[in-house]
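K.L.:
What shape does this take:
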Amino acid sequence: MHPAFTDRELARAFIAKWHLNVPEREAMLRGSLSGSLLVAEICAVVEDRGWYPTDWRPDDDFDGGLIERSDADRYKVYWKVECGVNRFALEAVDEFNSLSEAATDYAVRFFGTSFDGLQIDWKR
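P.N.:
Numbering: from 1, shown residues only. From the prediction side, this is the model:
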């Protein structure tokens, strides 16, 4: 028997490791993750730590996006792509006046409607 997980706990686990284990997947009552909860949890991480993902920085090698709180009311989303074997290039830096807008842009673009076999419901 798996422990009960709230939708918020599932969203928090997913944004932390981009994966849900079998008990977490079995606990998904609606069969999908809430897009609004993913965004809320990303916002909470950025508010607390200043970055999402927390251990990446713009000069690091990564394929995907990185949110930075650049000051109290400004946020940047860095997008990098792999341009060769273990070579990464900056594709874009988008700036936002709202953390919610930055996190939504990131989540929709990075996770889309499905990630790691999990459906993401952007209507809830």
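K.L.:
which other helices and strands contact the helix or strand containing Glu91?
P.N.:
In this assignment (DSSP states H and E), Glu91 forms part of strand 87-96. Applying 3 or more CB pairs under 8 Å, 6 or more residues apart in numbering; DSSP states H and E, one finds that strand 87-96 makes contact with strand 74-84, helix 99-111. Glycine gets a C-beta too; all of them are placed from N, C-alpha and C.
K.L.:
May I see the buried residues of the helix or strand bottoming out on mean pLDDT in the chain?
P.N.:
Every helix and strand in the chain was compared by mean pLDDT, DSSP states H and E; the lowest is helix 22-26, with a mean of 88. By neighbour count on 16 or more other CB atoms under 10 Å, the buried set for helix 22-26 is Glu24, Arg25.
K.L.:
Name the spans of the protein whose pLDDT lies under the cut-off.
P.N.:
For the chain, applying pLDDT under 70 flags the ranges 1-3.
K.L.:
Name the single longest helix found in it.
P.N.:
The longest helix of the chain (DSSP state H) is helix 35-49.
K.L.:
quick one: buried residues of that one?
P.N.:
Those would be Gly35, Ser36, Leu37, Leu38, Val39, Ala40, Glu41, Ile42, Cys43, Ala44, Val45, Val46, for helix 35-49 by 16+ other CB under 10 Å.
K.L.:
tell me the angle of it relative to strand 74-84?
P.N.:
100 degrees (axes from the mean of the first three to the mean of the last three CA atoms, to 10 degrees).
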